[in-house]
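Peer 1: pasting the sequence and the predicted coordinates here, then a few questions.
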Amino acid sequence: MTDLPPDLAPATVVVAAGRPPRSPGAPINPPIELSSTYAAHPATGPDGVALNLGYGRASNATWAAFEAAVGTLEGGDALCFASGMAAISAALTVLPADGPLVAPLTPYNTSGALIGEVEAAGREIRRVDVEDTVAVIAALHGARAIWLESPTNPLMQVADLPVIIAEAAARGVVVVVDNTFATPLVQQPLALGADIVVHSATKYLSGHSDLLMGVTVTRAGTPDAAPDRWYAALLAHRTRHGAIAGPFEAWLALRGIRTLHVRHERACANAAELARRLGEHPSVSRVRYPGWGAMLAIEVAGSALDAERVASACQVWLGATSLGGVESLIERRRRYPGESVLVPESLLRLSVGIEDVEDLWRDLDHALRA
Ligand SMILES: *Cc1c(COP(=O)(O)O)cnc(C)c1O
């Protein structure tokens, strides 16, 4: 990988990170490395033991390029996984298992289901309203780890990450943050003291709704020190459990992240304008928007069926699940039986894309009035 000057702005990092070394005639993009195995290195370890595994379940050059880009953005070392849930499952598994886990009342629903499995296996889960900082800090007492998501999916609750992470770190509580909704362009939890950041790279990082991938990011190791313990544990988990990304997906994700900054800028500008207008719409009883980012949720003044009708009346907004792509998506979350009952029936989650904002507004306004 080519070395970059330090302290580049994120808009430059997404373009420049993860490129092959600049040797004359070399390609500027990494190859899609399709190889399950690698020619053996000379065995240089003690007793003639090979130090490098040289196998496609352990490492891949195309993964490494994408990991370099995400790692630089988050300020740590990244590992890519087969999906966001594979990364989340790995992170949950490597956490110390011997004490209470603090978790949001309404995390992303599949993360919630997985945390429920951990609970069924005997672990104490302390569920907290992540916006109630006092309650979160109280729950940290005697806890081993805290799982955070901010903003939460889909209630758009924002946790006071600087305060909560500092309080957790002071008590030796391990901190994991799902940074999918915010992206590293908005917040970098490792710099605040978090131990593990997880992403569904399916969403903003890749940005085109054409692949599934996940990432973990942990504190950067230094060449002269032992690798970060969470990095080592997550790498071992990925290699043993085998939830690895395909090289083609990793290549597409790297191609997608090249435009993360401009996509995000446009999507956030669109979201801010739509949130403002939706706040004055007679058919909308509540807008949930943190004041930044490209995700928002609205509550339709009416029933679940009315909200369904709004989603299906849209012609530009796509009625589909997922988020973080170039196209605007709209979805009533309670259509899923697994969604929390704390999510209102008439709540529509909006992933704002990069289309013309007037087209998005006209479409939504028309659907809301119909
Ligand atoms: C989508 C999502 C996930 C799961 O990621 P997959 O790539 O679908 O496995 C996890 N967390 C959040 C916040 C998400 O939005």
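Peer 2: Arrived safely.
Peer 1: stretch 363-370: how far from the chain's middle?
Peer 2: Computed by CA atoms, centre = their mean, to the nearest Å, the chain-centroid distance of stretch 363-370 equals 31 Å.
Peer 1: how about low-confidence regions in this structure?
Peer 2: Applying pLDDT under 70 to the chain flags the ranges 43-53.
Peer 1: for it, which residue gets nearest to the ligand?
Peer 2: Closest to the ligand within the chain is G84: 2.2 Å, counting by CB to the nearest ligand atom. For glycine as for every other residue, the C-beta is placed from the backbone atoms N, C-alpha and C.
Peer 1: give me the phi and psi for A135.
Peer 2: With angles defined as degrees, to the nearest 10, A135 sits at phi -70, psi -40.
Peer 1: now for it, how many residues are close by?
Peer 2: A135 has 13 neighbours, counted by other CB atoms under 10 Å.
Peer 1: quick revisit: got a list of what the residue of the chain closest to the ligand touches?
Peer 2: T180, V198, H199, S200, A201, T202, K203, L212, M213, G214 (CB atoms under 8 Å, 6 or more residues apart in numbering).
Peer 1: quickly list what the fourth one is bridged to.
Peer 2: What that stands for is S200. Under DSSP bridges, the beta-bridge partners of S200 are G214.
Peer 1: thinking it is in contact with G214, fair?
Peer 2: Yes: S200 lies in contact with G214 (CB atoms under 8 Å); the separation is 5.9 Å.
Peer 1: quickly list what's touching both of those two.
Peer 2: Joint contacts of S200 and G214 (CB under 8 Å, 6+ apart) are S83, G84, M85, A87.
Peer 1: could you pull up the residues touching the third one?
Peer 2: Residues in contact with M85, defined by CB under 8 Å, 6+ apart, are T110, S111, L114, S200, G214.
Peer 1: go back to those residues and keep what's next to the ligand.
Peer 2: Checking the contacts of M85 against the ligand by CB under 6 Å from any ligand atom, the ones in range are T110, S111, S200, G214.
Peer 1: quick check: phi and psi at the second one.
Peer 2: S111 has phi and psi values of phi -60, psi -40 when expressed as degrees, to the nearest 10.
Peer 1: next, count neighbours for it.
Peer 2: S111, neighbours per other CB under 10 Å, totals 25.
Peer 1: can you check the third one too?
Peer 2: Other residues near S200 come to 30 when the count uses other CB under 10 Å.
Peer 1: quick one: contacts for it?
Peer 2: Counting by CB under 8 Å, 6+ apart, S200 makes contact with S83, G84, M85, A87, D178, T180, L212, M213, G214, G324.
Peer 1: any idea how far S346 is from it?
Peer 2: According to CB to CB, to the nearest Å, S200 stands 25 Å off from S346.
Peer 1: give me the sheet partners of whichever strand or helix holds C80 and which way each runs.
Peer 2: C80 belongs to strand 76-81 when assigned by DSSP states H and E. According to DSSP bridges, strand 76-81 forms sheet pairs with strand 214-219 (antiparallel).
Peer 1: and the following helix or strand past the partner strand, what's buried?
Peer 2: Under the assignment DSSP H and E, the closest C-terminal helix or strand after strand 214-219 is helix 229-241. For helix 229-241, the neighbour count (16 or more other CB atoms under 10 Å) marks W230, Y231, A233, L234, L235, H237, R238, T239 as buried.
Peer 1: which helices and strands sit right next to whichever helix or strand comes after helix 229-241?
Peer 2: Sequence-wise, the next helix or strand downstream of helix 229-241 (DSSP H and E) is helix 247-257. Helices and strands touching helix 247-257, as assessed by 3 or more CB pairs under 8 Å, 6 or more residues apart in numbering; DSSP states H and E, comprise helix 61-74.
Peer 1: need the buried residues of helix 229-241 in JSON lines (columns: distance to I137).
Peer 2: What follows is the buried residues of helix 229-241, written out as JSON lines (distance: CB to CB, whole Å):
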{"residue": "W230", "distance to I137": "23"}
{"residue": "Y231", "distance to I137": "28"}
{"residue": "A233", "distance to I137": "27"}
{"residue": "L234", "distance to I137": "27"}
{"residue": "L235", "distance to I137": "32"}
{"residue": "H237", "distance to I137": "30"}
{"residue": "R238", "distance to I137": "33"}
{"residue": "T239", "distance to I137": "36"}
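Peer 1: so of those, which two are at opposite extremes in space?
Peer 2: Spatially, the most separated pair among those is W230 and T239, at 14.9 Å (CB to CB).
Peer 1: next, count neighbours for A170.
Peer 2: 10.
Peer 1: could you measure it against I164, distance?
Peer 2: According to CB to CB, A170 and I164 sit 11 Å apart.
Peer 1: one step back: phi and psi next, for the residue of the chain closest to the ligand.
Peer 2: G84 adopts backbone torsions of phi -60, psi -40, taken as degrees, to the nearest 10.
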